[in-house]
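>>> Predicted structure and sequence below. I'll ask about it afterward.
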Amino acid sequence: MKLDMPFKDYIQSMVRRSNEPLTLNKLTQPFGIMSNDSESNSLLVGHILEVLMESLTANQAVDCIDVVAAAYELGHEVAGEFLDEMPYIITEMANEMGLNKLH
């Protein structure tokens, strides 16, 4: 799992899917996170990429929260449920990466 990645790397991994119906699972897979696979009836993956391109530069870091929040902002309701679970997901990621130990 990855906490974040350069936006250019995220775009590169997602550009081939830009015309596919939006699912959270597609958005979160580059971070190594499996999530909801309910397809949107009105949004494409490319819509999320466009929203992110308005606020991020190629070398800026993007994380799973940024991506899912963009989907929620555009009206993908299941993204709200995922955002509610993010504190738990981040804690689990930190545990797996050994980032929970205090020095």
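Okay, I see it. Numbers count the residues shown, from 1 in each chain.

>>> residue ranges with poor pLDDT in the protein?
Applying pLDDT under 70 to the chain flags the ranges 99-103.

>>> Check the secondary structure at residue 52 for me.
Following DSSP: H, G, I helix; E, B strand; the rest coil, we place residue 52 in the helix state.

>>> again, but for residue 41
Residue 41 - assigned by three-state DSSP - is coil.

>>> got the contact list for it?
residue 21 (CB atoms under 8 Å, 6 or more residues apart in numbering). C-beta here means a position set from N, CA and C on the backbone, and glycine is covered the same way.

>>> go on, the one 5 residues further on?
Applying CB under 8 Å, 6+ apart, one finds that residue 46 lies in contact with 18-19.

>>> After whichever strand or helix holds it, which helix or strand is next?
Here residue 46, judged by DSSP states H and E, is contained in helix 45-55. Counting by DSSP H and E, the next helix or strand C-terminal to helix 45-55 is strand 61-63.

>>> residues in contact with that following strand?
By CB under 8 Å, 6+ apart, the list of residues contacting strand 61-63 reads 3-7, 10, 31, 52, 56.

>>> Over to residue 21: give its phi and psi.
Per-residue torsions, residue 21: phi -60, psi 140 (degrees, to the nearest 10).

>>> Look at the residue nearest to it when sequence neighbours are not counted and say how many residues are nearby.
Distance criterion CB to CB, 6 or more residues apart in numbering; nearest residue to residue 21, sequence neighbours excluded, is residue 39 at 4.3 Å. A count of nearby residues for residue 39, using other CB atoms under 10 Å, gives 13.

>>> show me the contacts for residue 39.
21-23.

>>> next one: phi and psi at it?
phi -80, psi 140.

>>> Roughly how far does it sit from residue 24?
10 Å (CB to CB, to the nearest Å).

>>> next one: residue 76
Distance from residue 76 to residue 24, by CB to CB: 7 Å.

>>> now residue 75
Going from residue 75 to residue 24 by CB to CB gives 13 Å.

>>> what do you get for residue 31?
11 Å.

>>> hmm, back to that, who has more neighbours, residue 75 and residue 24?
residue 24 (25 against 12).

>>> Let me know whether the more buried one touches residue 78 as I believe.
Yes: if you go by CB atoms under 8 Å, residue 24 and residue 78 touch, sitting 6.1 Å apart.
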